[in-house]
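Take a look and give me a structure for this.
(one chain, ligands or ions: 1)
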Amino acid sequence: MSTPVVQTDDAGTAGTAPVLELRDVAVHFGGVKAVDGISLQLEPGRIYGIIGPNGSGKSTLIAGITRLTGLTRGELLLDGQPVHDVAPSRLAGRGVARTFQTVRLLADLTVRANVQIGADARADGGRSRRGPTGWLRPGATSPAVADAIARTRLEGFEDHYPAELSYGTQRRVEIARAIAMGPRLLLLDEPTAGMNQTERAEISALMRSMRTGGLCQLLVEHDVQMMIDTCDYVFAMNSGRLIAQGAPAEVVRDPAVQEAYLGRKWREHADGD
Ligand SMILES: Nc1ncnc2c1ncn2[C@@H]1O[C@H](COP(=O)(O)OP(=O)(O)OP(=O)(O)O)[C@@H](O)[C@H]1O
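Residues are numbered from 1 along each chain as shown. Modelled structure (predicted):
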């Protein structure tokens, strides 16, 4: 169940120092205003969602936050510090981890070794350029890896290889690898794409359980029910801008959101019936 958000201001805050702050962030590709002036704040220990129709700018916003694409304008602050000059590879050392739309596990490494990669990125502040074999410590499970495996309920899978796991379990390994980095902010880009309802519910429950310790999570997801079940606060985008924000149940009822995203989706669904 989602937790209602109370006493928030326009930026979605409730008086706690933000982990991440965006001030008037824009990313333009020539004449395409993929992200066009977004300001928001994310607090520790909360789960935020971004919804919006295809092409509304969700992925570009994540790419801007993770420094994979440059900002046309605006400011990005982590724990109050500007990160415009921080290389993407150094963001792990600044407490930012992410998972991707597609599974990116290393096929010839066990679950333990895949998760160890995250722990090693944390240990050297994301500076390591070593290949996978340089990270391996056969048979040993570091405390960070053991903790990440426990938090993602992967005990018993440590010695398995990705190909031996279900798709849903592979995605949990990716989350474990990100958690092993010890992030304060975890970005999840469509973590339930391709999953069945049971697996989606597992990821939702996992995300809710991971809020302990102040972890802030930002979820990009097309599944509206997943958003409602998982997030404390949702931002709705259209054409690169925020068109609504607030508690998930309120945002999905917002007329602008219905028109831009949900209405279209429901119409497509109805047309397909
Ligand atoms: N590298 C790029 N060069 C030019 N245009 C781009 C580039 N990346 C994204 N765009 C454009 O920016 C807009 C936003 O795209 P983006 O992928 O961020 O949307 P999205 O909300 O993540 O979509 P989806 O839900 O389909 O993943 C789109 O019009 C897209 O075509």
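
I'd like to know which residues of the chain are adjacent to the ligand.
Proximity of the chain to the ligand (Cβ under 6 Å from any ligand atom) is limited to residues F29, V32, A34, G52, N54, G55, S56, G57, K58, S59, T60. For glycine as for every other residue, the C-beta is placed from the backbone atoms N, C-alpha and C.

surely Y48 meets L215?
No: with contact defined as Cβ atoms under 8 Å, Y48 and L215 do not form a contacting pair (11.8 Å).

more neighbours, those two?
Y48 (25 against 22; other Cβ atoms under 10 Å).

would you say that one is within a helix?
No: per DSSP: H, G, I helix; E, B strand; the rest coil, Y48 lies outside any helix segment and is strand.

Residues in a beta bridge with it, which ones?
Taking DSSP bridges as the rule, Y48 bridges to L218, Y233.

what separates it from the ligand, distance-wise?
According to Cβ to the nearest ligand atom, to the nearest Å, Y48 and the ligand sit 16 Å apart.

next one: phi and psi at the nearest residue to L206 once chain neighbours are set aside?
Leaving aside its sequence neighbours, L206 sits nearest to T152 (Cβ to Cβ, 6 or more residues apart in numbering; 6.3 Å). Backbone torsions for T152, taken as degrees, to the nearest 10, come to phi -100, psi 10.

hang on, isn't T152 packed against I175?
Yes: using Cβ under 8 Å, T152 makes contact with I175 at a distance of 5.4 Å.

Pull the number of nearby residues for R90.
15.

just E155 next, same as before
When counting by other Cβ under 10 Å, one arrives at 9 neighbours for E155.

which SSE is it in?
Under DSSP states H and E, no helix or strand contains E155.

any chance you could map the helices in this protein?
Listed in chain order, the helices found in the chain under DSSP state H are 58-65, 111-123, 143-151, 167-179, 197-209, 224-230, 248-253, 255-257, 263-272.

Domain map for the chain?
16-95+183-273, 103-182 (automatic domain parsing).

how about JSON lines for the ones you listed, with mean pLDDT added?
Listed next are the domains of the chain as JSON lines, based on pLDDT from 0 to 100:
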{"stretch": "domain 16-95+183-273", "mean pLDDT": "89"}
{"stretch": "domain 103-182", "mean pLDDT": "82"}
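
would you list every one of the strands in the stretch 1-150 of the chain?
Per DSSP state E, counting those that start in this stretch, the stretch 1-150 of the chain carries strands over the ranges 20-29, 32-42, 47-51, 73-78, 81-82, 96-99.

got a list of contacts for the first one?
When contacts are defined by Cβ atoms under 8 Å, 6 or more residues apart in numbering, strand 20-29 is touched by residues 33-42, 57, 60-61, 63-65, 69-78, 80, 185, 216, 218, 240.

Try it again at 6 Å.
Contacts to strand 20-29, defined as Cβ atoms under 6 Å, 6 or more residues apart in numbering, come from residues 34-42, 60, 64, 69, 71-75, 77-78, 185.

Got a PyMOL select line for the buried ones in the residues you listed?
Only the buried entries of the contacts of strand 20-29 go into this PyMOL selection, using 16 or more other Cβ atoms under 10 Å:
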select buried, resi 34+35+36+37+38+40+41+42+60+64+69+71+72+74+77+78+185
